[in-house]
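A.B. asks: Quick one, fold the following:
(chains A and B)
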Amino acid sequence: MSEITLHDLEKQYGETTAVEDVSVEIRDGELLCLLGPSGSGKSTTLRMIAGLETPTSGTISIEADDVTDQPAYERNTSTVFQDWALFPHKSVLENVAFGLKMRGMSKDDRQKRARSMLERVQMGGYGDDDPTNLSGGQKQRVALARSLAVNPDVLLLDEPLSNLDKRLREDMQIELREIHEDLEETFVHVTHDQDEAFTLADRIGIMNEGELVQVGDPDEVYENPKNRFIEAFLGDTNFVDAVVTRTSSDAVHVDTELGTELVLPTDGEPDVDEGTGLTLSLRPEILSIDGETGRPEAAGKQPVATDGSAHNAVTGTVENVIYRGSTVRYSVSINGSSMFAERTDASTGAHASGDDIRLEWDGEDVLAFRDDGTRVTL
Amino acid sequence: MTTTNTRDPSSFDRIRDAVVGQSNSRRALVLMAPLIAFELLVFVIPFFILLRISVASGSADLPYESGTWSLDAYSSVIENILSFDLFWSILVYSFVLGGAVTIVTVGIALFYAYAIWRSSGLVKSLLLFSVILPLLTTLVIRTYAFTPLLSPTGTVNDVLLSLNLVSEPIQFVPGIVGAGIGQLYIVLPYAVLAIYSVMATIDWDIVEAARDLGASRPRSVVEVVVPQVMPGVIVATVISFAWSVGSYAAPGLLSENLTFAIYIETLLLTDQRYPVAAAFSVIMLVLMLISTGVLFAILNRFGGDFDLA
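C.D. replies: Alright, predicted model coming up:
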């Protein structure tokens, strides 16, 4: 149970910078997910908190104590490794008791605590087993028990679920969430899987190319991403190239590759100039297919932007239909560009390849990014 | 469609298992045949000849009297050992030399293997190459090379004298220290390779996990690396011990003491007492088997969780 502060953390390996300028306050008792693609520096950041890597510069403090120069074995942090790293020559119980043994606890006490930790992760009957004979899920539980047994200031999880199959991974996510709520300890969980991050996290920190791009509540980073990378990384979206043609006090007018002019309403004076190239993001969930209005005669030619409603629509041709169980995904060709839209009622008969399809959305829901990836305030 | 699948699967499986199982064991036998023939030819048969000679009686003008049966050789060797005579002192010297060399060798080999394991790139290649390098020169040359290094007028004594660490030269060679160092140099590459080959398979993550859970650097090695590397340590120990107890070249070139192997040669070639030489060999073989068994039993205990506290 502790608050952890990373300040301007940087890690270089020779010429390459693995982690750059990472500053974040990890709150007491929260579950923070560091989410990012592989090579984004999230594991390196975690390993620096654990003391397994020494930062090139910057500081790490746990509960106001500067631990930057403390080796791993002096820090009261505990890591669950990606491949679990169980000691193969020790029994399951000895594995779980190991950290307590290093802390000088007597054999009886540590075995008693190790047993109760194994009970906690539903591995009670496996104390005498050889860990190499356990399944992936069981190893994961033992590794968790081993790390929790020492009652760490913070539990660090380095993609511990990535070696499990999908079903088991989802079960373990829920279980991990429950354990976290139960123990009220600080957890830092590293993952490249956005679903996992959204399932587990109190807050999500998105990392890219060594930098911590944005930290926030899951809904905040999803709905209000700081830049184009996050928008692209979190779920599927349609990126549409556009150029600003005109700005007014409450709207930005853009010409798009879809062959239509669209209107993006703004809260105040827009912070883009005419002629600026933009990328618009149209998430599938903001697109409605063939809205209640039915098929307008001149669809796809003109924006349906009546003042105040900011209603946009385009018409295209269905290129293919992908049935994905709970959803049906349509690839739609519009003026030579491709977009996709989804409907949740899985009746595939609704549209077939070659059909005309009309996509509509509220201009308020569109996000816009500049060419350098930064978000345009609308 | 289903009609093609109507035969009883269990009986079919049983037949197939029987056929395949049989052909498997026959194939294994064929594959092993050269090895079995080789072992018979160079080990089993000569060993029985050795046993046979050890129970023949000696002769005045022949190495031994063929066709005779006698336990004289054994009784003379055992009597000699029990009265702490020449055979006893040779036996003790051989085991002391072998034991000391083994302990030092395995200790150095553990460190050396760890250094190779933890290094990377050019350093790793250099360390590995330096292990192999001595094996490229002949054993006699690289053993004899210790004479100019370790003799009273040699390099090491020159350095020690010039640094005023000793007042007069130490006689490493000829002597047990020189013989030990020479023997160590012979067996070290094999010990390093035996340990390194096992260590290379250890996942570094488990060492990190141990440190993460509060084990200091030395403690994490003792708790996690050593138990895992035990199979390699056992192999290295047995190689070093068996080779060093029976050492011939190093003590022969670097000391004036008799080891068992050197004395066997004397018995065979100079004294021509074949039955005694054979009996002494058999007794040494039995002692080696016993001590190797004890070594295995001791070292195997270190394969699990052990309490240092």
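A.B. asks: Show me the domain layout of the chain.
C.D. replies: Defaulting to chain A. For chain A, automatic domain parsing gives the domain ranges A:4-227, A:238-370.
A.B. asks: actually chain B
C.D. replies: What the record gives for chain B is the domain set B:1-54, B:74-303, from automatic domain parsing.
A.B. asks: okay, those domains, which one's buried deepest?
C.D. replies: domain B:74-303 (a mean of 18; mean count of other Cβ atoms under 10 Å in any protein chain shown). (Each C-beta comes from the backbone N, C-alpha and C, glycine too.)
A.B. asks: All the helices of chain A, residue numbers only.
C.D. replies: For chain A, the helices defined by DSSP state H cover A:42-50, A:92-102, A:107-120, A:136-149, A:166-183, A:194-200, A:218-223, A:228-233.
A.B. asks: Output stretch A:273-285 as CSV, restricted to C-alpha atoms.
C.D. replies: Provided in CSV are the C-alpha atoms of stretch A:273-285 (Å, rounded to 0.1, in the frame of the first residue of the first chain):
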residue,chain,number,x,y,z
ASP,A,273,-5.9,27.5,-39.9
GLU,A,274,-7.3,27.2,-43.4
GLY,A,275,-5.3,24.8,-45.5
THR,A,276,-4.2,22.7,-42.6
GLY,A,277,-4.1,19.0,-43.3
LEU,A,278,-6.0,16.9,-40.7
THR,A,279,-6.8,13.3,-40.0
LEU,A,280,-10.3,12.7,-38.8
SER,A,281,-11.1,9.7,-36.7
LEU,A,282,-14.5,8.1,-37.1
ARG,A,283,-14.9,5.2,-34.7
PRO,A,284,-17.3,2.5,-35.9
GLU,A,285,-19.5,3.0,-32.8
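A.B. asks: returning to that earlier point: to chain B, which of the helices of chain A lies closest?
C.D. replies: helix A:92-102 (3.6 Å; Cβ to the nearest Cβ).
A.B. asks: quick one: is the closest one near chain B?
C.D. replies: Yes: applying Cβ under 8 Å from any Cβ of the partner chain, one finds helix A:92-102 in contact with chain B at A:94, A:98-99, A:101-102.
A.B. asks: Start and end of stretch B:165-183, how far apart?
C.D. replies: End-to-end span of stretch B:165-183 (Cα to Cα, to the nearest Å): 26 Å.
A.B. asks: how about the residues of chain A near chain B?
C.D. replies: A:50-52, A:71-73, A:77-79, A:81, A:83, A:85-91, A:94, A:98-99, A:101-104, A:107, A:146-147, A:150.
A.B. asks: Which of these are buried, as a PyMOL select command?
C.D. replies: Listed next is the PyMOL selection for buried residues among these, using 16 or more other Cβ atoms under 10 Å in any protein chain shown:
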select buried, chain A and resi 50+51+52+72+73+77+78+79+81+83+85+86+87+89+90+91+94+98+99+101+102+146+147+150
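A.B. asks: residues in contact with residue A:75?
C.D. replies: Residues in contact with residue A:75 (Cβ atoms under 8 Å, 6 or more residues apart in numbering or on different chains) are A:50-51, A:62, A:67, A:153.
A.B. asks: Go through the helices of chain A and pick out the most buried.
C.D. replies: The stretch of the helices of chain A with the highest mean neighbour count (mean count of other Cβ under 10 Å) is helix A:92-102, at a mean of 26.
A.B. asks: what mean pLDDT does that helix have?
C.D. replies: In this model, helix A:92-102 has a mean pLDDT of 95.
A.B. asks: do you know how far residue B:168 is from residue A:262?
C.D. replies: 99 Å (Cβ to Cβ, to the nearest Å).
A.B. asks: just residue A:20 next, same as before
C.D. replies: From residue A:20 over to residue A:262 (counting by Cβ to Cβ), the distance is 36 Å.
A.B. asks: still on that earlier bit, wait, which of the domains of chain B is closest to chain A?
C.D. replies: domain B:74-303 (3.6 Å).
A.B. asks: Would that closest one count as contacting chain A?
C.D. replies: Yes: interface with chain A: domain B:74-303 contributes B:203, B:205-206, B:208-217, B:219-220, B:223-224, B:227-228, B:303 (Cβ under 8 Å from any Cβ).
A.B. asks: Flag the shaky bits of the stretch 201-309 of chain B, pLDDT-wise.
C.D. replies: Along the stretch 201-309 of chain B, the model assigns pLDDT under 70 to residues B:303-309.
A.B. asks: how about the helices in it?
C.D. replies: Secondary structure of the stretch 201-309 of chain B (DSSP state H, counting those that start in this stretch): helices located at B:204-212, B:217-220, B:226-245, B:249-254, B:260-265, B:274-300.
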